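> give me a 3D structure for the following:
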Amino acid sequence: MSDRPTLLWIGAETAPQTVRQAAGDRWDIRPLDRSRPMSDQLRDAGVAVVRPSDNGDGSLHLSVILQELEGSSAVVLVMLDESEATGRKMLSSRAGQFLSVPTTVSPEVLEAHIAAIWALQPTIADLHSDIFNLRSINGATRGAIETLDEEMRLASRLQRDFLPRRMPEIGDARFSVLYRPISFVSGDIYDVTRLDETHVGFYIADAVGHGLPAALLTMFIKKALQTKRIVGNTYEIIPPDVSLAELNDDICAQELSSCNFCTAVYCVLDTATLTLTYARAGHPAPVLVRSDGSFQSLEADGCLLGVFDDAEFEARQVSLEPGDRVILYTDGATDSLAQETTSSFTEIFEPELALPKPEMMGRISSRVEDACSQGRQTDDITVMTLDIEA
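Next comes the predicted model:
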């Protein structure tokens, strides 16, 4: 008998190749037995992946599945075509542990989602148990608990809506992200934006603290960070140091009473010349991994955002080459996985830094999942990579 966890496939009779590749040798794929209650099979499975019918009745099929899932503690990954707007609306309007990915998702990204869901299962089960116990203690609090539970889930979905749904590909630049909040909502945020035909801007920001105040600040950052401005009949790309300075002034002007500080690193890549311009605001320095396996920290001076009015930030440039990789991360990655308090990102992940991107992200994700399962995640974790294809 296999010791591998079970992936419950809810869809066509045979799981597609993408799902089989994502499962690899870590999961046993088991198709849904339609003669048994779905709730029983979900309880026995580690992860469920759903692909609604594509015979024209996908919305109806998804509706039936969601009704079966109501009340379950399972976290379910739903694969939807880009054209299935109704299905996405159904997921966003329901309270429940539902994540969605496009049917065109790569096996590597799907594998990362499955690993994340697997890590979430114990937390969701504990939350359901706690809520049940609270309801049994005092029936009068039931409505309030249900409302709070639903509001937290809606806040989580809203925050994820602010994250990019698809990473842009410009020239030889390719991006990937590992994003692991410690609770429903996160104090981390990231974005990758195509600025014009040859420039792409990308950043990671980390609000000090956790919970809703930190999450609200991340959404403010998303809307306030300026990357381009109109000048007459044309536009100009705002340099990273100027963008961070303007964002800092905007945060200071709000005079926030809680969670008014954050760190950030913002980069602009010219894909024509492979010149990377970057600036830091109290954030861990990005790591540049050269094609020969050597690496260096991309240092630049800059204080936390939201502390001092009119603060200035240093902009630096570095020339990239095919095969190079740039890694941005939040300190949750080092805090949760460090064996010693002084461990740096390169010390923690040195064996993974020069691996091919899918393998590197898979191994980092696996180590993060191990930390989460052992209760060692102390902060939100985000790791973003930029690879210059050879």
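
> OK, contacts around the residue positioned nearest the centre of the chain?
Central residue of the chain (Cα atoms, centre = their mean): Tyr179, 2.8 Å from the mean position. Taking Cβ atoms under 8 Å, 6 or more residues apart in numbering, we find Tyr179 in contact with Leu163, Ser186, Asp188, Tyr190, Ile381, Thr382. All C-beta spots, glycine's among them, are computed from the backbone N, C-alpha and C.

> for the fifth one, which residues make a bridge with it?
Legend: beta-bridge partners of Ile381 under DSSP bridges are Arg180.

> for the chain, what spans make up the helices?
17-23, 38-44, 58-69, 85-92, 107-137, 142-161, 211-224, 240-254, 331-337, 345-349, 357-373 (DSSP state H).

> thinking again about what came up before, redo the contacts of Tyr179 as JSON lines? Include pLDDT, neighbour count and distance to Leu217.
Listed next are these as JSON lines, based on pLDDT from 0 to 100; neighbours: other Cβ atoms under 10 Å; distance: Cβ to Cβ, whole Å:
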{"residue": "Leu163", "pLDDT": "80", "neighbour count": "17", "distance to Leu217": "15"}
{"residue": "Ser186", "pLDDT": "80", "neighbour count": "27", "distance to Leu217": "11"}
{"residue": "Asp188", "pLDDT": "90", "neighbour count": "26", "distance to Leu217": "11"}
{"residue": "Tyr190", "pLDDT": "93", "neighbour count": "23", "distance to Leu217": "14"}
{"residue": "Ile381", "pLDDT": "88", "neighbour count": "27", "distance to Leu217": "18"}
{"residue": "Thr382", "pLDDT": "91", "neighbour count": "25", "distance to Leu217": "15"}
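
> and of the residues you listed, the nearest to Ala207?
For the contacts of Tyr179, the residue nearest Ala207 by Cβ to Cβ is Asp188; the value is 7.7 Å.

> picking up where we left off before, okay, the residue nearest to the centre of the chain: pLDDT?
Confidence at Tyr179, expressed as pLDDT, is 86.

> distance of it from Tyr278?
For Tyr179, the distance to Tyr278 equals 20 Å [Cβ to Cβ, to the nearest Å].

> count of neighbours near Arg165?
Here the count is done by other Cβ atoms under 10 Å, and Arg165 has 10 residues near it.

> tell me how far it lies from Lys357.
Distance of Arg165 to Lys357, computed by Cβ to Cβ: 20 Å.

> now do Phe308
Counting by Cβ to Cβ, the gap from Phe308 to Lys357 is 38 Å.

> same question, Arg51
26 Å.

> the more surrounded of these two?
Shown here are Arg51 and Lys357; by other Cβ under 10 Å, Arg51 has more neighbours (22 against 16).

> report how many residues lie close to the residue lying closest to the more buried one once chain neighbours are set aside.
With sequence-adjacent residues excluded and distances taken as Cβ to Cβ, 6 or more residues apart in numbering, Arg51 is closest to Gly11, at 3.4 Å. A count of neighbours around Gly11, defined by other Cβ under 10 Å, yields 20.

> Gly11 against Pro52, yeah?
Yes: between Gly11 and Pro52 there is a contact at 7.4 Å, judged by Cβ atoms under 8 Å.

> neighbours around Asp292, how many?
Neighbours of Asp292 (other Cβ under 10 Å): 10.

> also Cys262?
By other Cβ under 10 Å, neighbour count at Cys262 equals 28.

> that one and Pro181, how far apart?
Counting by Cβ to Cβ, the gap from Cys262 to Pro181 is 15 Å.

> how many other residues sit next to Asp191?
Neighbour count of Asp191, defined by other Cβ under 10 Å: 19.

> for Val289, same thing?
The burial count for Val289: 22, using other Cβ under 10 Å.

> contact partners for it?
Phe295, Asp324, Arg325, Val326, Ile327, Leu353, Ala354.

> farthest pair within those residues?
Val326 and Ala354 (13.2 Å).

> which one's more surrounded, the two?
Using other Cβ under 10 Å, the more surrounded residue of Val326 and Ala354 is Val326, with 23 against 16.

> how far away is the closest residue to the more buried one other than its chain neighbours from Asp249?
Spatial nearest neighbour of Val326, chain neighbours left out: Leu386 (4.4 Å); criterion: Cβ to Cβ, 6+ apart. Leu386 sits 28 Å away from Asp249, going by Cβ to Cβ.

> tell me which of the two has more neighbours.
Leu386 (24 against 16).

> the nearest residue to Tyr190 once chain neighbours are set aside: neighbour count?
Distances taken as Cβ to Cβ, 6+ apart place Ile204 nearest to Tyr190, at 4.7 Å, with adjacent residues excluded. As a burial measure, Ile204 scores 24 neighbours (other Cβ under 10 Å).

> isn't Ile204 up against Met384?
Yes: counting by Cβ under 8 Å, Met384 is a contact partner of Ile204 at 5.8 Å.

> joint contacts of the two?
Both Ile204 and Met384 are in contact with Tyr190, Leu328, Tyr329, where contact means Cβ under 8 Å, 6+ apart.

> just the closest of these to Val76, please.
Of all these, Val76 sits closest to Tyr190, with 24.5 Å by Cβ to Cβ.
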